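J.: mind looking at a prediction? Sequence and model below.
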Amino acid sequence: QVQLVESGGGLVQAGGSLKLSCAASGRAFTTYAMGWFRQAPGKEYEFVATISWSGGITSYADSVKGRFTISRDNAENTVYLQMNSLKTEDTAVYYCAAGQQLGFGSPARAAYHSWGRGTQVTVSS
């Protein structure tokens, strides 16, 4: 297991940018695929992006492709989500999650065993 803490959320106008961070405890972080998910009020969890344990493979939901970028710094035990050209429909609580060891990442919630508490992102029109 790994402990995850998200930060960087906030209020931003449509068209703006935010960069989320997810700090992880434990050396095992470097071996886990990592993912970002979000949940808007009254909606189900939605996959956003995932990155392989080495950082070499990334995958995105169609709704954020071309606007969001996931990255990781294994030396800092941190995974990031750079969000550009934000839209009001991006408003949600964003969660990072740790998945399979030496994995390539997955869009499925069930593939992740450890979750942070989330950070609120609100995009105003």
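T.: It's in.
J.: how about low-confidence regions in the chain?
T.: By pLDDT under 70, the chain has no low-scoring segment.
J.: and the longest strand for it?
T.: Of all segments of type strand in the chain, defined using DSSP state E, the longest is strand 92-101.
J.: correct me if wrong: residue 46 contacts residue 39.
T.: Yes. If you go by Cβ atoms under 8 Å, residue 46 and residue 39 touch, sitting 6.9 Å apart. Just so you know, the C-beta spots here come from the backbone N, C-alpha and C atoms, and that holds for glycine as well.
J.: now the residue nearest the centre of the chain: closest residue in space that isn't a chain neighbour?
T.: Centroid-nearest residue in the chain, with Cα atoms, centre = their mean: residue 36, separated by 2.4 Å. Nearest residue to residue 36 in three dimensions, chain neighbours excluded: residue 48, at 4.2 Å (Cβ to Cβ, 6 or more residues apart in numbering).
J.: let's verify the one you found: helix, strand, or coil?
T.: strand (DSSP: H, G, I helix; E, B strand; the rest coil).
J.: contact partners for the spatially closest residue to residue 124 that is not a sequence neighbour?
T.: Computed as Cβ to Cβ, 6+ apart, the closest residue to residue 124 that is not its neighbour in sequence is residue 13, at 5.5 Å. Residues in contact with residue 13 (Cβ atoms under 8 Å, 6 or more residues apart in numbering) are 123, 124, 125.
J.: which residues does the first one contact?
T.: Residue 123 makes contact with 11, 12, 13, 14, 16, 86, 87, 88, 89, 90, 91, according to Cβ under 8 Å, 6+ apart.
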